Every structure is written in C-alpha cells, then in structure tokens.
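>>> how would this look folded up:
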Amino acid sequence: MNKSMTATLKNAESSDKKIALVAKMIRGKDVLEARNILRFMPKKAANILLKVVDSAAANAENNADQKVNNLYIQTVEVGQATKLKRMRFVGRSRVHRYIKHRANITVILATK
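Okay, here's the model as predicted:
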C-alpha cells in the first residue's frame, strides 16, 4: 500500500455511525463520482467526508503522480475516536452528563 494514496482525519466532529452511513455510499466508486455524490448530499457527514476524499486525491496527484480520472475509492475506514465527556447543569443543583462522540476516518485510493 502506497502511503501517499491515503488521507486520514482524526477526531472528526460527528459520530462514527453517522459517517459510516455516508461512507457506505461512496465505497468502490470513482473519485469524481464520489465527489459529486458527497457535494449534493444534505448531511454534515458528507461535507466532512468530502474534505478527506479531496485530500486523498490531492495526495495521490502530488505525491504519486496519479491522475484523478484514474482513481477510485478502494476503502473507507471509519472508527471511533476519543469521546468528549461533558456536563450540563440543570435545576436544583444537579448535573446531567453526556458524551460527544468523535470519529477517525481513513480513505484509501487505488488506480483502475
């Protein structure tokens, strides 16, 4: 595996389940087709994933001398990242705890 054909985003500000739903739609597609799908999808996770796909395509173009037209998305790996534990103050001097979930995303491109 060539390292310049990948891009990784750590601690994305969305849960791994939400990003995995969008990642499922672009797995195995051409980079240009995946960009169009993500650009017009009305989800926050699509915008996050679009930036990672663009970064992987730029890495392939600059570091490995590949053309974007010849690339497709081989794998998209989405996993859990560190969770942020937060508190919300409520009435009668009590506290409700909640967790903000994060995700790690890795996009691996390959040539046709």
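>>> Below-threshold pLDDT in the protein: ranges please.
1-3 (pLDDT under 70).
>>> Now do the SS call for the residue positioned nearest the centre of it.
What sits nearest the mean C-alpha location of the chain, by C-alpha atoms, centre = their mean, is residue 49, with 3.6 Å. Three-state call for residue 49 (DSSP: H, G, I helix; E, B strand; the rest coil): helix.
>>> where's residue 77, which helix or strand?
Assessed by DSSP states H and E, residue 77 sits inside strand 71-80.
>>> Just the buried positions in that strand, please.
Buried residues in strand 71-80, counted by 16 or more other C-beta atoms under 10 Å: 71, 72, 73, 76, 78. C-betas here are computed from N, CA, C, even on glycine.
>>> residue contacts, the fourth one?
The contact partners of residue 76, taken as C-beta atoms under 8 Å, 6 or more residues apart in numbering, are 23, 26, 27, 49, 105, 106, 107, 108.
>>> Sort out for me which of the residues you listed are in strands.
Counted as lying in strands by DSSP state E, out of the contacts of residue 76, are 105, 106, 107, 108.
>>> Tabulate those residues (a markdown table), appending distance to residue 90 and neighbour count.
Below are these laid out as a markdown table (distance: C-beta to C-beta, whole Å; neighbours: other C-beta atoms under 10 Å):
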| residue | distance to residue 90 | neighbour count |
| --- | --- | --- |
| 105 | 34 | 26 |
| 106 | 38 | 16 |
| 107 | 40 | 28 |
| 108 | 44 | 17 |
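>>> Tell me the one of these nearest residue 35?
Nearest to residue 35 among the ones in strands among the contacts of residue 76 is residue 107, at 11.8 Å by C-beta to C-beta.
>>> So which residues of the protein form strands?
Secondary structure of the chain (DSSP E): strands at 6-12, 71-80, 84-90, 94-100, 103-111.
>>> The last one to strand 71-80, inter-axis angle?
Meaning strand 103-111. Angle, strand 103-111 to strand 71-80, by axes from the mean of the first three to the mean of the last three C-alpha atoms, to 10 degrees: 160 degrees.
>>> I am finished for the moment; much appreciated.
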